[in-house]
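Asks: Generate coordinates for the sequence data below:
(4 chains)
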Amino acid sequence: MNNCIIKMKGIKKYFYGVKALDGVDFQVRTGEVHALIGENGAGKSTLVKILTGVYQPTAGTIILNHKPTQFPSPQVSQKAGISAIHQEATMFPDLSIVENIFMGHHIRNKANGLLSWREMKDKTQILLDKLELDIRPDTKVRNLSIAQRHMVEIAKALSLDAKIVIMDEPTSALTLKEVEYLYKIIRKLKSENKAVIFISHKFEEIFEIADYFTVLRDGKYVGEGTIADITVDKIVQMVIGRSLEQMYSKLEAEQGDIILKVENLTRIGVFKNISFDLHKGEILGFFGLVGAGRSEVMQTIFGIDTKTSGEVFINGKKVNITNPSDAMKHGLAYLPEDRQIQGAILAMNIRENITLPIIDRTSRHIFLDRNREFEITDEYGKNIEIKASGWEQLVEDLSGGNQQKVVLAKWIATKPRILIMDEPTKGIDVATKATVHNFISELAKKGIAIILVSSELPEILGMSNHVIVMHEGIITAKFTREEANSKKIIRAAIGSISK
Amino acid sequence: MKKQKFILAIVLIVILLSSVVSFAGAQEKIRIAMLVKNLGNAFFEACRDGGLEASKELGGIEFIFQGPTTPTAEGQIEIIDSLIAQKVNAIVISANDVDALVPVCKRAMQSGITVISFDSGIAPEGRILHLAPSSSEFIGRSQVKMLANLIDYKGEIAILSASSQATNQNTWIEWMKEELKEPAYKDMSLVAVVYGDDLSDKSYREATGLFKSYPNLRGIISPTTVGIAATGKALEDAGKSGKIELTGLGLPSEMKQYIKNGTCRQMSLWNPIDLGYSSTYIAYKLIKGEFQGKEGEVMKVGRMGEIKIGSGNEAVMGEPYIFEKDNIDKFAEIY
Amino acid sequence: MNKENRKISLPNIIWQWEIILLFIFIMVVIINSNLSPYFLDYTNLMNTTFNFIEKAIIALPMMFVIICGDIDISVASIIALSSVFMGMASQAGVNTFGLVAIGLFAGSAAGFLNGFVITKFGIPAIAVTLGSMSLFRGIAYVILGDKAFTKYPIPFAYFGQGYIGNTMIPFELVLFLMLAIIFGIILHRTTIGRKVFAIGNNSTAARFSGIPVNRVRLIIFTVTGLCSGLASILLTSRIGSTRPNIASGWELEIITTVVLGGVAITGGKGNIFGVVISIFIIGFLKFGMGLINIPGKVMTIIIGLLLILAIMLPQLIERLKPKNSFGKVKK
Amino acid sequence: MRDLFRKREFSLFIFILFIVFGVSLRTPSFLYINNFVDILNDTAILSMVAIGQLIIIVTGGIDLSVGSSLALSGMSVALLNQYHPGIPIFVIILISIAIGLLLGSINGLLVSRAKIPPIITTLGTMSIYRGLVFVLCKGSWVSAHEMTETFRGFPRSSFLGISSLIWISILIVILFLIFLNLSRTGREIYGVGGNKIASQYVGINLKKIQYIVFTLGGGITGLAGFLWVARYAAAQSETAIGFEFQTIAACVIGGVSIAGGTGTIIGVVLGSFFMGIVYNALTMINVSPFWQMAIQGFIILFAIIINTVMDKRNQQLMLRKRSFNE
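Replies: Have a look, this model is predicted:
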C-alpha cells in the first residue's frame, strides 16, 4: 500500500488504569474517505486525540508517510498536515468567527510579520460562502446557533489546508441541507487527493460518503474493509457484537394517569409553546438535533432556568418551580446531559455524589450520618451495578459508564415520580448502555414516568412509548410508538414538517 | 528526602536572616528599643542615628530599632508584645495612636520596662514621660507666622497634611487654626485641609488639586516631610514656584532641591538626630534611676543640655530650626 | 499505581499536607526557641496570640469562602466599618452588650451586601469585594474624618484584653478555639460543609443537584461579615480606640494564612486542621522573628517565600516520584 | 453603528462625558485644556501598568505584585542614579525595564512551570518584592536632590508640547494595540483566556503564553517604576503601595472580565482615564477628603454592576433577535 499516508499500530491508551484503547491498528490512504465506526466509548475520540497530539499514546507506533512519527503536541500534528473537527466545543465564544478559524495559525503579512486581518477575513468569507453560511466573519461565536458553530468548526478544519482531515461526528447538529454541503466538501477534498477520516454512528451517512471503514469496539480493533463489500447488518454486528434486537429490552409497562402536563412553556429566544403530557409508567422520547432546545426545556421544567410564560401541572395541580429543590419536592429528577460538568462532582467520592441531592434527608438534623449515607449508596449503587473498588472511590477515577451510573443512582435515590434523562447513554460503553436501558425499563414498569431525551434514533425508537421531536425550539412532531419510524422522525428533526 | 531539603532550606533562610539582623547580641547589656511609626521613613532613620549615638556615648547599651510595616497601632502593639517578651529595659515610642497603645504599654510598665514616648505621644497613663520635639502650640503657631511673613499676611492658604489619622499633625493643625484667629491674619483665610497620606503620588495629586481648585491660593503649609517634598515637586512642575509659597516641616535632605531653587523659601524642623539622642539618653537614665521622670524635674541630657519636664510629664526639647537657602546645604548632609 | 491505592487519594493528600504543615510548625518552634530564650515561655506565647487571633477568627469563614471558589478582600474594611459604628454608639452611651450587638450587626450587614451583589448580579467576588473594600473603609473615613473614638465602657475591654479567670489564657484565644471547633464541625461534619465542598468543586453540578448555591454563598459572605464584626469587637476592645485605618492590609494576610493552610484557591479543597496549624505557624513565626528583632518588612519576605515554597512542595514531591505511564485525562 | 453603541467602551465613554459635564457645571475650570493634560499626566502610569495587568487578566490570571515590583525597580534605578549619576538616561530606562522583566518572569515561571495559581504566586511575590525594596534602600529614601536633573526631569521633558510621560504611555498603548491585535502571540493570549482546552487543540502553548504575559507585564511595570520615582522625584519603600488594586479596578471598569478571555486596550485606557477623572474631579469640586475613598469604592461597584447588567441585557437582546429571525 504505497499511498498509505498514516498508519497506527498497536496503539494503547490508559487513563488511570482504564483502557481507553487496547492495541488498535488503523491506517488511512490518500484520496480516501475512511469511516471510523464504533459505539460511543469505543475509543474513536481517543484515537483522534492521539492523532491530533492532544493525548500521548501509552504504547504503539504512528507512521506518517512511511516514517515513524510522534505527535507530542497539537502543533506538531497540525504541522504534519492533520486537522480535526473535535466533538466537543472547541471554540472561543468571545472571539469572532475569523479569529476562531485562524486561532493558532493566524496569517501573517510577509512584509512586516504582522497579522493580516484583511486576508483572514477574505479567506473566512470564502469559506463561509463555500459552506453557504450567511453570517458576517466578524460575528462573535457566542452569538451563533449550535449548528452555525459546527459549520464554523468545519470551516476551521478546511482553512488549514491539511492532508488529513478528521471529522468527529460533524453532522450531529446539521440540517439535511448542511449535511449535503458537507458531503460536497468531503468529495472535493477526496478529489484533491486528501485523506478524510469520518467518524459517525449514522450508517446511512457512512454508506453515502465513505470508501473504507475501520470498526472499534471497547477500545479494541474489530476489523476493516471497503464499504462496497459490506452490508449494514454486518457492520452492526461488528460494532455492537450482537444484533440490534437484543439491544433494547423495552418492557411493556402499564400506563397510568397523567402525572406531568406542560402547557405552552416558553423561554424567549430558546424555545416556545412547548406542550405535552406525561403518564405514569410512560417513557416519553424527546428527539432532535443538537441545539434543538430539548435540554433547555427540561432544565426549565426542573427549575434551573426560568420560563417566560406557560404552565406546568403535576398530578393536575399547577406548580411553580423556581429551583431544582422545588422540583425535587414535586418528585422530579433530572439526569443532565453533561455528566462531567452538570452531573457528577468528579473530585468527590461516590458516596458523597450519590447522597448529594438527598443530603438533608440522610443527615441527622444538620449533622452528616456517614453510616446512612453508606447504606443508601450501597443500596442504589449495587442495584445499578456500579463497578468501583469502594464507595469512597473518587468519581473522577471511574470509567465514563460508571460515572454515568453514579449520576443515575444519585437521582434514583431521590425516589422520583418523574425522571427526566438527558442523553443517559452518551459516551458510555455498550455493556453499560444495556444495563442503563434495562434499568430505565424497570423504572417505567414500577410506574415512574420517564422523559428520555436522546440524539440516538435507535434508542428513541427502541425505548419510547411516545416520541416528541423538536427543531429550533419548537415541537415539530409527536408520534406514538407505532407511528414512529426513523424517516419521519429525522424529517421532523430537521424542521421539514411545518407547525 | 525532600523534607530534609526543606528543613535545610528553612534553616538556611533563618541563618541568612539572622546574619542580616545586627542587633542580636549579648544579654548583659541594657537594651533600649526605639519603636517608630513605621519603617522606611527617613525621619525615623535619622532618629535611629541619634539613638545609636546616645548608645555609643553612654556605653553598655544594646539599641534596638523597630517599626511596623504600616503606620497602625495594631502593628506597634505586636512589636511591643515581642519587646515585653524579650524583657528589654526600655521602650521609646513614637505612637500611631495616643490611646490605642495605652493598655499594652501599661502591661510593659507592669513588667518593669521603662516606657517613654517621643515625637508623637501616648496618653499619660501609658508612659513615664513624653519628649515632644517642641511644644505643639509653638509648632502650630510658628508655621502660620512663617507663611504669613512669606505672603505678607494676605491671601488664601491651605494645609496639606499626612494621613488624617496622624495625631501630632492634627494637633499642630488645631494650633494653626487657633493662630489664624489672631487679628493680624484677618486678610488670610484657610481654604482647605487635605491629606496626602504620606504617599508621594497622593500628596502630589492633592497639591495639584489645591492649585486648581483655588486659583487665588497664596500659600501652602505642609507639616510632613513626604507632603512638603511632593508639594515642592508639584509646584515646580506646575510652574507655580514663587507664585504660591510653601512652608512646613521637612527633612533638609529631602527638601534641599526645593529650598535651593526657591520653591520653598523657608521651612523648619527640629533635629531628629537630637530627638533620637535625647529620648534614648533619657530612657537610659530612667533605667539607671538617675532621672525620676517627675513633673518639674530638670534633666541633664548629654550634649543637649537641660530639659525640663513640664505639666502632664511632657518635656519639650527645644524650638524647631528654620532652614533657608543659606544653611540648607550644611544640614542636608546630616539629616 | 492501581485503583486500590488511588481510592483514598484525596484524604491522603490532605493528610500529607497536614504533616508538612505540622512539620513546618515544629521547625518554627525549634528554630525560634534556639534563636531566642524568650520564645518558649508560657506567658509570652499566650500573650502573642493576641496579635493574630483576630485575623484567625476571620480566617475561619474565609476558609469557607475560598473553598466555595470565591474570595473576600473587603474583610479588613469591614473591621474598620464595624469599629466605627461601635465607636459612634459608644459615644452615644450605649452599653457593652449593645456595642457587641452593633458590631456584629454592622459586620453581617456589610457581608450580606457583598454576598447580595455577588449572587444577585453574578459578578466575580474579587471584583465586588475590591469595590466594597474601598466603600466600607471609605464610609469609616466619612464618619470619623480626622477624629478617633476612644471612649469605650470599661467592661468592653475584656473581649480584647481579658484572660480566662486567673489563668494566663486570653479570652480571645479560647473564643477562637471554640469557633475553630464549631467551624470545623460545620465544614466536615454537617450538610452545610458538604454543600460548600460540592459548590467549590463544581457549582453547576451542585445547582443541578438541588443545592441552593447562591443562598449558601450569600450565607457564607454574611457569616464572613459577621466574623469580621466579631474580630472588630476584639480589636477595638484590645486597642480601646477606633480609627478608620485600623486593620489595614489584613485581608491579604488572612488569605495568605488560609492558602498556606492547604485550602485550594480554586475551591473545593481544604481542611480545618491545615488552616489552624497555618494560623499558628504564621503567628509564631512572626513572634519568633520579632523576638530577634527582624524588621517587619523583612518578615514579609519570609512569609512570602514560605507561602510559595509551601505551595510548591507537594508538586516537587510529585515530580520526584517515579513517573507512571498513564497520561492525564483531566479537563 | 448599532454595534458601536452596544460596546462597553462606548458606554464607558458616555459615562465619562457625563461626569465631565457634571463636574464642569460646578467647576468650569475643570474643562481647561491644562487640566486635561494634568489628568493625562496623572493617568499615564496607571494606564500603562493597567495594560500589563490586562494581558495577565485576559489569560485568566491576576497580578497582585505590580505595586511592589514598581517600587522595587523604581528604587533600584533611583539608587543607581544616586550612586552613579554618570549613567545615561536611556541606560537607566533599559535597566528599569530589565528589572521589571526579571521580576515579571519570576512570577511567570512560578505560574507556568511550578503551576502555582497566579493569585497565590503574586500574593507571595508582592510581599517578597516589597520587602526587598526595604532591604535595598535600608529604610532610607532617595530624594529629589540626590537625583540628577536629567533623571528627575525626564517625565516632564516635553516634545511637541506633550510630556515624555504621556508620549511613553501613548507608545505603550500603540505597541500593545499592535501586539494584542496584530501578532499571533497577542491573539493567543485571548485564546488561552477564552477556552483553555480549545487553545490546547489548536496548539497554543499555554505555559509559554503565561510566561510571556507575566514577563511583559513586569517589563511595563519596571518602566513605570522609573517614571514614577522620576516624576515624583522621590523613591520610598512605600512607593505605589496598594497600586495593584487601582490597576485591577481600572481593568474591571474598562470592561475586562476577571474570568479571562475578554478585554480591550481601549477599554482599559478609558478605565484608567475614568479613575483619573474621578480622582481629579473629587479634588476639584472640593469634595471633603474624607469622602474620596467611599466615592471611589461606590463608583467601582457601580461600574461593575452596570457592566454586568448591560452585558446580560445585550445577551437577552441577542436571543430575542435570534428568536424573531425564525
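Asks: if we look at the strand or helix carrying B:Lys256, which residues are touching it?
Replies: Here B:Lys256 sits within helix B:252-260, counting by DSSP states H and E. Helix B:252-260 is contacted by residues B:42, B:225-226, B:228-229, B:232-233, B:235-236, B:246, B:264-265, B:267, B:269, B:323-325, B:328-329, B:331-335, D:141, D:143-145, D:233-234 when judged by Cβ atoms under 8 Å, 6 or more residues apart in numbering or on different chains. Placement of C-beta: from N, CA and C, glycine included.
Asks: Could I get the CA-only coordinates of that helix as CSV?
Replies: What follows is helix B:252-260, C-alpha atoms only, in CSV (Å, rounded to 0.1, in the frame of the first residue of the first chain):
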residue,chain,number,x,y,z
PRO,B,252,16.5,69.2,54.9
SER,B,253,17.9,66.3,52.9
GLU,B,254,14.5,65.7,51.3
MET,B,255,13.9,69.4,50.7
LYS,B,256,17.3,70.6,49.6
GLN,B,257,16.2,70.7,46.0
TYR,B,258,13.2,72.9,46.5
ILE,B,259,14.8,75.2,49.0
LYS,B,260,17.7,75.8,46.7
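Asks: Next SSE downstream of it?
Replies: strand B:267-269.
Asks: Quick one: list the elements packing against that next one.
Replies: Contacts defined by 3 or more Cβ pairs under 8 Å, 6 or more residues apart in numbering or on different chains; DSSP states H and E place strand B:267-269 against helix B:136-150, strand B:245-248, helix B:252-260, strand B:321-323.
Asks: JSON lines for the ones you listed, including mean pLDDT and mean neighbour count?
Replies: Formatted as JSON lines, those follow (pLDDT from 0 to 100; neighbours: other Cβ atoms under 10 Å in any protein chain shown):
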{"stretch": "helix B:136-150", "mean pLDDT": "89", "mean neighbour count": "20"}
{"stretch": "strand B:245-248", "mean pLDDT": "91", "mean neighbour count": "28"}
{"stretch": "helix B:252-260", "mean pLDDT": "87", "mean neighbour count": "24"}
{"stretch": "strand B:321-323", "mean pLDDT": "87", "mean neighbour count": "17"}
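Asks: Below-threshold pLDDT in the stretch 1-150 of chain C: ranges please.
Replies: C:1-16 (pLDDT under 70).
Asks: And the pLDDT for the nearest residue to D:Ala303 once chain neighbours are set aside?
Replies: Residue nearest to D:Ala303 in three dimensions, not counting chain neighbours: D:Ile253, with 4.5 Å by Cβ to Cβ, 6 or more residues apart in numbering or on different chains. With respect to pLDDT, D:Ile253 scores 87.
Asks: Equivalent analysis for D:Ile204, please.
Replies: The model's pLDDT for D:Ile204 equals 85.
Asks: quick one: the closest residue to it other than its chain neighbours from A:Phe102, how far?
Replies: Nearest non-adjacent residue to D:Ile204, counting by Cβ to Cβ, 6+ apart: D:Glu188, 4.7 Å away. Note on D:Glu188: its distance to A:Phe102, by Cβ to Cβ, to the nearest Å, is 11 Å.
Asks: Quick one: check stretch A:12-23 for contact with chain D.
Replies: No - figure legend: stretch A:12-23 not in contact with chain D (Cβ under 8 Å from any Cβ of the partner chain); closest approach 16.0 Å.
Asks: err, stretch C:280-293, not the other one
Replies: No - applying Cβ under 8 Å from any Cβ, one finds stretch C:280-293 separated from chain D by no less than 11.7 Å.
Asks: Distance from the chain centre to that stretch, please.
Replies: Here stretch C:280-293 is found 18 Å from its chain centre; the criterion is Cα atoms, centre = their mean, to the nearest Å.
Asks: Please save the CA atoms from it in CSV.
Replies: What follows is stretch C:280-293, C-alpha atoms only, in CSV (Å, rounded to 0.1, in the frame of the first residue of the first chain):
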residue,chain,number,x,y,z
PHE,C,280,-0.1,29.3,64.5
ILE,C,281,2.8,28.8,62.1
ILE,C,282,2.5,32.4,60.8
GLY,C,283,1.7,33.8,64.2
PHE,C,284,4.6,32.1,66.0
LEU,C,285,6.9,32.7,63.1
LYS,C,286,6.3,36.4,63.3
PHE,C,287,6.6,36.3,67.0
GLY,C,288,9.9,34.5,66.9
MET,C,289,11.2,36.9,64.3
GLY,C,290,10.0,39.7,66.4
LEU,C,291,12.0,38.4,69.3
ILE,C,292,15.2,38.6,67.4
ASN,C,293,14.1,42.0,66.1
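Asks: and that stretch, average pLDDT?
Replies: In this model, stretch C:280-293 has a mean pLDDT of 91.
Asks: and what of stretch A:142-160?
Replies: For stretch A:142-160, mean pLDDT rounds to 79.
Asks: Please see if that stretch touches chain D.
Replies: Yes - counting by Cβ under 8 Å from any Cβ, contacts between stretch A:142-160 and chain D involve A:142-143, A:145.
Asks: From those, list the buried ones, please.
Replies: For the residues of stretch A:142-160 next to chain D, a burial check counting by 16 or more other Cβ atoms under 10 Å in any protein chain shown picks out A:142-143.
Asks: Closest to D:Leu123 out of the residues of stretch A:142-160 next to chain D?
Replies: D:Leu123 has its nearest neighbour among the residues of stretch A:142-160 next to chain D in A:Arg142, at 32.2 Å by Cβ to Cβ.
Asks: which residues sit in contact with that closest one?
Replies: Residues in contact with A:Arg142, defined by Cβ under 8 Å, 6+ apart, are A:93-94, D:315.
Asks: one more time with 7 Å
Replies: A:93-94 (Cβ atoms under 7 Å, 6 or more residues apart in numbering or on different chains).
Asks: With D:Ser65 instead?
Replies: With contacts defined as Cβ under 7 Å, 6+ apart, the neighbours of D:Ser65 are D:107, D:122, D:125-126, D:129, D:244.
Asks: what do you get if the cut-off is 10 Å, keeping everything else the same?
Replies: C:304, D:72, D:103-104, D:106-107, D:118, D:121-130, D:214, D:217-218, D:221, D:244 (Cβ atoms under 10 Å, 6 or more residues apart in numbering or on different chains).
Asks: Also B:Glu182?
Replies: By Cβ under 10 Å, 6+ apart, the neighbours of B:Glu182 are B:141, B:144-145, B:148, B:188.
Asks: Helix or strand: which one has the residue lying closest to D:Ala235 once chain neighbours are set aside?
Replies: Leaving aside its chain neighbours, D:Ala235 sits nearest to D:Ala78 (3.6 Å; criterion: Cβ to Cβ, 6+ apart). Using DSSP H and E, D:Ala78 sits within helix D:66-83.
Asks: Following element in sequence after that helix, please.
Replies: Counting by DSSP H and E, the next helix or strand C-terminal to helix D:66-83 is helix D:89-112.
Asks: Buried ones in that following helix, by neighbour count?
Replies: Neighbour-count burial for helix D:89-112 [16+ other Cβ under 10 Å]: D:89, D:92-93, D:95-112.
Asks: What is that helix packed up against?
Replies: When contacts are defined as 3 or more Cβ pairs under 10 Å, 6 or more residues apart in numbering or on different chains; DSSP states H and E, helix D:89-112 packs onto helix C:296-320, helix D:33-58, helix D:66-83, helix D:118-137, helix D:149-153, helix D:206-232.
Asks: pLDDT averaged over the fourth one - what is it?
Replies: The average of the pLDDT scores along helix D:118-137 is 91.
Asks: That one: what's the following helix or strand?
Replies: strand D:142-143.
Asks: Quick one: residues in contact with that following strand.
Replies: For strand D:142-143, the external contacting residues (Cβ under 10 Å, 6+ apart) are B:42, B:200, B:225-226, B:229, B:233, B:250-251, B:253-258, B:332, D:74-75, D:77-83, D:151, D:229, D:233-236.
Asks: Find the nearest non-adjacent residue to A:Asp25, please.
Replies: Nearest one to A:Asp25, counting by Cβ to Cβ, 6+ apart, is A:Tyr221 at 5.1 Å.
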